[in-house]
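[1] Using only what follows, build the 3D model:
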Amino acid sequence: MSDFHGHPNRFHPVFQWRLNIILGELRSLGWKPKVHSEAFRTLEQEKQKVKEGNSETTSSWHVIGNRRWMAHGRSQIDVLFGNAADIIDERWGWDGPAMNPKFKFWTDLGRIAKKYGCEWGGDWKDKHGKPKPDSAHIQFKYIEMPPQSSVNV
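    Numbers count the residues shown, from 1 in each chain. A predicted model of the protein is given here:
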């Protein structure tokens, strides 16, 4: 098992590979994509973002070392890890035309990210099913170990 899920400032190699392809395809369309500088956060940084209203959860895949559990029947569990990145066009960030969640850069980002097996925050909805996009956000989940019969938290 590798330690990418807990290593500061490093994406899992599969996510990094996908991220490079996504950025390349965006560039080929004339965009100037860049990964926002806060790709990795500590739990304390994420708690501050929640307090400021800039994030809704401390369970974000931006947070180093976050993990989740996925049950297989009654006796086995997969440990799920993930990485996340916010990708912006360096000309606008979240301003100007990028304030519109339907801005072409965001829709191109979403289409390309999903093509390479990533989830796109632009598809997100709130608990009532209403759109609540995080258009710059893409994430990738992975399992790095065989199913566990018990989990240490």
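[2] So in this structure, which strand runs the longest?
    Looking only at the chain and at elements set by DSSP state E, the strand with the highest residue count is strand 76-89.
[3] continuing past that strand, what's the next helix or strand?
    Under the assignment DSSP states H and E, the closest C-terminal helix or strand after strand 76-89 is helix 104-115.
[4] how far off strand 76-89 does that following helix point, in degrees?
    Using axes from the mean of the first three to the mean of the last three CA atoms, to 10 degrees, the direction of helix 104-115 lies 150 degrees away from that of strand 76-89.
[5] contacts for helix 104-115?
    Judged by CB atoms under 8 Å, 6 or more residues apart in numbering, the contacts made with helix 104-115 from elsewhere in the structure are 22, 25-26, 29, 31, 33, 87, 89, 92, 98, 119-120, 122-123, 133, 135-136, 138. Backbone N, C-alpha and C define where each C-beta goes, glycine included.
[6] do stretch 94-103 as well
    Taking contacts as CB under 8 Å, 6+ apart, the residues outside stretch 94-103 that touch it are 88, 89, 92, 105, 106, 122, 131, 133, 135, 136.
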